[in-house]
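pasting the sequence and the predicted coordinates here, then a few questions.
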Amino acid sequence: MVILGSGGHTKEMLDLCAHLDFENKFKPLVFVIAKHDHLSSRKVQNFAEFKNSKVLFVFRSRKVGQSYFSSIFTTLWATLEALLVCAKERPQLLLCNGPGTCIPFCVAARLTSFHCTQVFVESFCRTRSLSLSAKIALFISDYVLVQWPHLAKKYPKCIYEGLLV
């Protein structure tokens with residue numbers, strides 16, 4: 001299961017996915033996209049290797065500019081929806097890289113599947129510090145990968161494997 005953010009996060013994740021063996025190792029492939037993120041949906045459809053993948057649309061936990069107080073309620077709603085999706089799909093791998101859309105799925109996968117490996121890939125543009133999502137993922141995910149060596153030194157739980165996108 002691949003959680004797509006929006007904009008640059010989607011591009012980074014699709015670039016990363018283009019190097020993975022979905023045909024032999026990771027099948028069936030499920031993409032999760034925020035309901036109003038039409039651009040990410042089109043991008044998935046444009047990749048020939050992802051034509052047979054399943055695409056699910058879910059609520060965002062927080063919209064850009066939304067107050068933190070009201071995002072408490074939308075995040076709870078998104079987490080409930082993520083619990084239902086994870087219980088149904090039973091992912092063995094959860095791959096995500098960014099905005100709040102992925103955090104409810106990280107929580108849900110941890111609660112519904114004991115055999116789901118979670119990999120959070122911090123965005124290439126995070127050069128000095130981790131995003132809020134990555135800081136949360138440190139407590140939930142099995143692996144948090146960073147793309148700059150000094151971030152792995154600054155945050156010892158992170159893993160640096162070189163540039164991934």
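Looks like it arrived, so ask away. Just so it is clear, the structure is predicted and the values come from calculations on it, not from any experiment.

excluding its backbone neighbours, what's nearest residue 71?
In space, and not counting its chain neighbours, residue 71 is closest to residue 62: 4.0 Å by Cβ to Cβ, 6 or more residues apart in numbering. For every residue, glycine as well, the C-beta is placed using N, CA and C.

hmm, residue 102 and the one you found touching each other?
No: with contact defined as Cβ atoms under 8 Å, residue 62 and residue 102 do not form a contacting pair (11.8 Å).

of the two, which one has the most company?
Under the neighbour definition other Cβ atoms under 10 Å, residue 62 and residue 102 were set side by side, and residue 102 has more, 30 against 18.

distance check, that one against residue 153.
Using Cβ to Cβ, to the nearest Å, residue 102 is found at 25 Å from residue 153.

dump the residue contacts of residue 157.
By Cβ atoms under 8 Å, 6 or more residues apart in numbering, the contact list for residue 157 reads 138, 144.

with residue 60 instead?
Contacts of residue 60 (Cβ under 8 Å, 6+ apart): 34, 35, 36, 74, 78, 100, 101.

now the residue nearest the centre of the chain. Nearest residue, chain neighbours left out?
Nearest to the mean C-alpha position of the chain, counting by Cα atoms, centre = their mean, stands residue 96 at 2.0 Å. Of all residues not flanking residue 96 in the chain, residue 102 sits nearest, at 3.5 Å (Cβ to Cβ, 6+ apart).

the one you found contacts residue 109, correct?
No: with contact defined as Cβ under 8 Å, residue 102 does not reach residue 109; the gap is 10.0 Å.

for this protein, what are the low-confidence residue spans?
48, 165 (pLDDT under 70).

who are the packing partners of the helix or strand harbouring residue 39?
Residue 39 belongs to helix 38-46 when elements are defined using DSSP states H and E. Here helix 38-46 touches helix 8-17, strand 30-34, strand 54-58, going by 3 or more Cβ pairs under 8 Å, 6 or more residues apart in numbering; DSSP states H and E.

what residues of the first one count as buried?
Of the residues in helix 8-17, those with enough neighbours to count as buried (16 or more other Cβ atoms under 10 Å) are 9, 10, 11, 12, 13, 14, 16, 17.

with respect to residue 3, which of the residues you listed is nearest?
residue 13 (7.9 Å; Cβ to Cβ).

what about residue 65, neighbour count?
5.

surely residue 89 and residue 1 touch.
Yes: counting by Cβ under 8 Å, residue 89 touches residue 1, with 6.3 Å between them.
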